[in-house]
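In: Structure, please.
(one chain, ligands or ions: 1)
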Amino acid sequence: MNEITPHENLDILVVGAGFSGLYQLYRLRQLGFKVKIYESAPELGGVWYWNCYPGARCDTYGPMYQFSIEELWRDWDFDELYPSWDKIREYFQHADHKLGLSADIRFNTRVSAARFDETQCRWSISTENGHSASAQFLVLCTGIGSKPHRPEIPGLDDFAGRSFHTAQWPQKGVDLGGQRIGVLGTGATGVQVIQEAGPVAAHLTVFQRTPNMALPMRQRRLDEADKRALKVNIKEKYARRAHTRAGYDFDSRDYAGESAAGYTPQEIQQMYEAYWEEGGFIPWLGNFDEIYTDERVNRIAYDFWRDKVRQRLTNPAMAEKLAPTIPPHPYGVKRISLEQRYYEVFNQANVTLVDLHETPIERITREGVLTRDGRVHELDILVFATGFDMVTGGLTAMDIQNPAGMTLRSQWREGVNAFMGSMTHGFPNMLFVYGPLAPSGLSNGPSCSELQGDEIVALLKHMRDRGLQRIESSAQADEAWRKRIDDFAAGTLFGRAESWYMATNIPGKAAQMINYPIGMPDYLEQWRRVKAEGYDGFVFN
Ligand code: NAP
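Out: So this is what the prediction gives:
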């Protein structure tokens with residue numbers, strides 16, 4: 001990076017205008033910091049700007065998928081229990097209208113590089129569109145799914161049809177009607193695209209590597225009475241997010257109790273039936289905590305799910321692929337998705353399921369996808385629902401260099417070290433929210449953005465109040481934090497699945513539990529402890 005002449009001097013530059021970045025702007029501005037957000041998209045919303053593929057919607061019910069700021073929730077309602085991408089965009093416009101956020105956001109501005117100048121104790125930041133800034137602190141809020149992953153499959157350039165990654169979907173939309181569509185990937189995104197494409201496609205070919213243990217969403221439209229009911233005790237519900245494992249307004253113990261050992265097999269089945277009817281994440285996050293540690297309990301939950309799903313499938317061979325007799329991995333240790341009519345799509349005559357374990361993709365041809373059995377699956381549109389370089393990808397995509405000349409990308413090549421999931425040794429005055437080794441992907445996004453976000457704001461205020469200029473996490477604190485996470489994860493079944501939770505969804509990425517798996521209350525307790533000990537683990541100078 002060449003010498004930068006800053007266009008603007010800031011106390012704090014926040015990168016990203018999704019939930020976590022907007023919350024930082026809102027709070028830090030209130031405290032009088034000179035703060036701006038740089039955002040690559042032309043609008044607010046983070047992932048919800050880019051992910052406008054057919055069927056994109058949130059797997060968290062609306063009241064918990066928004067800020068807990070009263071000025072915002074008081075006169076905002078979603079019209080469905082699980083809001084769609086366009087309604088979430090409207091919500092962000094509402095937040096902007098109320099809080100005037102855009103005034104301090106520079107849109108269409110992707111941060112490309114940052115360097116820390118030790119003499120001035122400031123970051124120099126440059127952007128792809130030639131802008132630059134100088135800021136004492138860099139707060140990275142790039143979200144967990146901002147760098148799309150498109151696997152390298154030979155022949156893509158030969159394809160005569162159109163291909164799209166779901167996170168780079170054309171803003172004006174793509175008409176799937178009457179098309180021969182291929183969808184690669186059956187994660188949360190794939191499930192949503194598949195259930196939209198199936199009913200309208202001339203033919204839909206689903207390329208599946210691992211079946212998704214999807215749960216019924218139980219979506220419903222909300223009338224005025226529903227909307228009022230959802231706001232009852234809403235302040236208490238927001239407050240509760242700090243006290244539940246995944247940052248929701250409910251916890252596993254509200255539903256399943258302490259241990260499966262306290263129930264007869266019949267009682268467990270009855271309980272599971274009730275939670276299946278309730279739907280959403282309840283059969284997952286409302287399940288016994290033991291599903292993460294005890295294979296026997298986990299298998300009971302899997303078998304229940306499998307049998308429920310198979311009842312909806314008419315073709316036994318298809319059923320065995322979508323809900324196998326033997327679980328491909330333990331239940332719930334890979335992100336479970338919510339579906340509305342996903343399984344029924346596979347009963348349609350115009351839908352083919354390709355099991356990539358049996359018949360891997362050889363290459364993409366002019367006509368479509370050639371699989372190892374010699375068959376060409378002819379397509380007009382190929383959809384890559386292949387996910388993201390999750391959690392770290394948005395951070396390492398930027399050329400961030402520390403005073404020793406080390407880039408963040410190389411620092412984390414062998415795995416991530418980050419104290420409190422907020423700072424990594426050697427990168428002074430650089431903090432991140434909703435990133436690696438924080439609750440992030442194992443929690444509700446807006447909850448983590450606010451709860452971790454509050455700690456970052458408190459830390460910055462602490463420094464300002466005491467005239468402290470420079471902060472860095474110690475190498476020992478980073479190491480101990482990672483060990484805490486690794487040790488905990490080693491006692492769970494998470495490592496038994498290839499997943500982005502374990503950073504194993506990207507070829508070559510170092511495997512590790514990349515979120516904070518011990519739960520939101522424990523995470524916040526660690527912050528309390530660290531603060532009580534004068535921010536022990538951070539070094540100020
Ligand atoms: P994902 O969960 O990582 O799923 C990617 C899919 O692509 C998987 O089925 C994966 O198979 C497959 N895949 C990847 N590389 C492949 C290859 N080389 N060949 C064949 N298949 C390949 O990504 P995602 O579905 O985009 O979701 C990512 C996360 O974003 C979610 O877990 C969630 O946190 C968030 N999200 C949320 C929502 C929502 O709230 N509704 C919607 C979308 C996304 P394997 O499973 O075998 O690896």
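
In: residues contacting residue 262?
Out: If you count contacts by C-beta atoms under 8 Å, 6 or more residues apart in numbering, residue 262 has none. C-betas here are computed from N, CA, C, even on glycine.

In: ok, the residue lying closest to residue 397 once chain neighbours are set aside - how many residues close by?
Out: Nearest residue to residue 397, sequence neighbours excluded (C-beta to C-beta, 6 or more residues apart in numbering): residue 147, at 5.2 Å. By other C-beta atoms under 10 Å, 20 other residues sit near residue 147.

In: From the ligand, how far out is residue 147?
Out: Between residue 147 and the ligand the computed distance is 11 Å (C-beta to the nearest ligand atom, to the nearest Å).

In: can you list the residues of the stretch 201-350 of the chain near the ligand?
Out: 209, 210, 335 (C-beta under 6 Å from any ligand atom).

In: which residues touch the second one?
Out: Residues near residue 210 by C-beta under 8 Å, 6+ apart: 186, 328, 329, 334, 498.

In: same thing with residue 47?
Out: By C-beta under 8 Å, 6+ apart, the residues touching residue 47 are 18, 143, 145, 146, 167.

In: mind listing what the third one touches?
Out: Going by C-beta under 8 Å, 6+ apart, residue 145 touches 47, 167, 387, 388, 390, 394.

In: Among these, which ones are in strands?
Out: Assigned to strands by DSSP state E, none of these qualify.

In: and which of the residues you listed is nearest to the ligand?
Out: Minimum distance to the ligand across those is 2.6 Å, recorded for residue 387 (C-beta to the nearest ligand atom).

In: before we move on, the earlier item: hang on, isn't the residue nearest to residue 397 packed against residue 391?
Out: No. The pair residue 147 / residue 391 is not scored as a contact, 9.8 Å apart, by C-beta atoms under 8 Å.

In: need the residues of the stretch 51-200 of the chain near the ligand, please.
Out: Close to the ligand, as judged by C-beta under 6 Å from any ligand atom, the stretch 51-200 of the chain has residues 57, 58, 59, 145, 151, 184, 185, 186, 187, 188, 189, 190.

In: From these, pick the one nearest residue 72.
Out: residue 58 (16.2 Å; C-beta to C-beta).

In: re the thing from before, mind checking which of the contacts of residue 145 are in helices?
Out: Counting by DSSP state H, the contacts of residue 145 place 47, 394 in helices.

In: Of the contacts of residue 145, which pair is most distant in space?
Out: With C-beta to C-beta as the measure, no two of the contacts of residue 145 lie farther apart than 387 and 394, at 13.2 Å.

In: just the strands in the stretch 51-200 of the chain please.
Out: Applying DSSP state E, counting those that start in this stretch to the stretch 51-200 of the chain gives strands spanning 105-106, 111-117, 122-127, 132-140, 162-165, 180-184.

In: Make JSON lines out of those and add mean neighbour count.
Out: Output for the strands of the stretch 51-200 of the chain, formatted as JSON lines (neighbours: other C-beta atoms under 10 Å):
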{"stretch": "strand 105-106", "mean neighbour count": "20"}
{"stretch": "strand 111-117", "mean neighbour count": "20"}
{"stretch": "strand 122-127", "mean neighbour count": "22"}
{"stretch": "strand 132-140", "mean neighbour count": "23"}
{"stretch": "strand 162-165", "mean neighbour count": "16"}
{"stretch": "strand 180-184", "mean neighbour count": "25"}
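
In: Format these as CSV; extra columns: mean pLDDT.
Out: Converted to CSV, the strands of the stretch 51-200 of the chain look like this (pLDDT from 0 to 100):
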stretch, mean pLDDT
strand 105-106, 98
strand 111-117, 98
strand 122-127, 97
strand 132-140, 98
strand 162-165, 98
strand 180-184, 98
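
In: circling back to that earlier point, give me phi/psi at the residue nearest to residue 397?
Out: Residue 147 adopts backbone torsions of phi -110, psi 100, taken as degrees, to the nearest 10.

In: which residues does it contact?
Out: For residue 147, the contact set (C-beta under 8 Å, 6+ apart) comprises 388, 389, 393, 394, 397.

In: Give the burial count for the nearest residue to residue 71 once chain neighbours are set aside, as a bare number.
Out: Spatially, and ignoring its direct neighbours in sequence, residue 71 is nearest to residue 98 (5.5 Å; C-beta to C-beta, 6+ apart). Counted with other C-beta under 10 Å, the neighbours of residue 98 add up to 15.

In: so how far is the ligand from residue 98?
Out: Going from residue 98 to the ligand by C-beta to the nearest ligand atom gives 24 Å.

In: Neighbouring strands - and their directions - for the helix or strand harbouring residue 207?
Out: In this assignment (DSSP states H and E), residue 207 forms part of strand 203-208. Applying DSSP bridges to the sheet, strand 203-208 is found paired with strand 180-184 (parallel), strand 351-355 (parallel).

In: Just the residues contacting that strand, thanks.
Out: 180-186, 190, 194, 197-198, 321-322, 345-346, 348, 350-356, 361, 368-369, 377, 379.

In: Could you check how many residues crowd around the closest residue to the ligand within the stretch 101-250 of the chain?
Out: Relative to the ligand, the nearest point of the stretch 101-250 of the chain is residue 187 (2.2 Å; C-beta to the nearest ligand atom). By the measure other C-beta under 10 Å, the count of residues near residue 187 is 22.

In: what's the burial count for the residue lying closest to residue 65 once chain neighbours are set aside?
Out: Excluding the flanking residues, the one nearest residue 65 by C-beta to C-beta, 6+ apart is residue 58, at 5.1 Å. When neighbours are defined as other C-beta under 10 Å, residue 58 has 22 of them.

In: cool, and residue 257?
Out: Residues near residue 257, counting by other C-beta under 10 Å: 14.

In: How much space separates residue 334 from residue 360?
Out: 20 Å (C-beta to C-beta, to the nearest Å).

In: Same question for residue 468.
Out: 55 Å.

In: And the contacts of residue 145, which of them are buried?
Out: Neighbour-count burial (16 or more other C-beta atoms under 10 Å) applied to these gives 47, 167, 387, 388, 390, 394.

In: Might you report the residue contacts of the second one?
Out: Under the criterion of C-beta under 8 Å, 6+ apart, the contact partners of residue 167 comprise 47, 50, 51, 53, 145, 148, 189, 388.

In: In JSON lines, list those residues along with pLDDT and distance to residue 477.
Out: JSON lines is the format used below for the contacts of residue 167 (pLDDT from 0 to 100; distance: C-beta to C-beta, whole Å):
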{"residue": "47", "pLDDT": "96", "distance to residue 477": "30"}
{"residue": "50", "pLDDT": "97", "distance to residue 477": "34"}
{"residue": "51", "pLDDT": "98", "distance to residue 477": "35"}
{"residue": "53", "pLDDT": "98", "distance to residue 477": "40"}
{"residue": "145", "pLDDT": "98", "distance to residue 477": "27"}
{"residue": "148", "pLDDT": "98", "distance to residue 477": "33"}
{"residue": "189", "pLDDT": "98", "distance to residue 477": "36"}
{"residue": "388", "pLDDT": "98", "distance to residue 477": "28"}
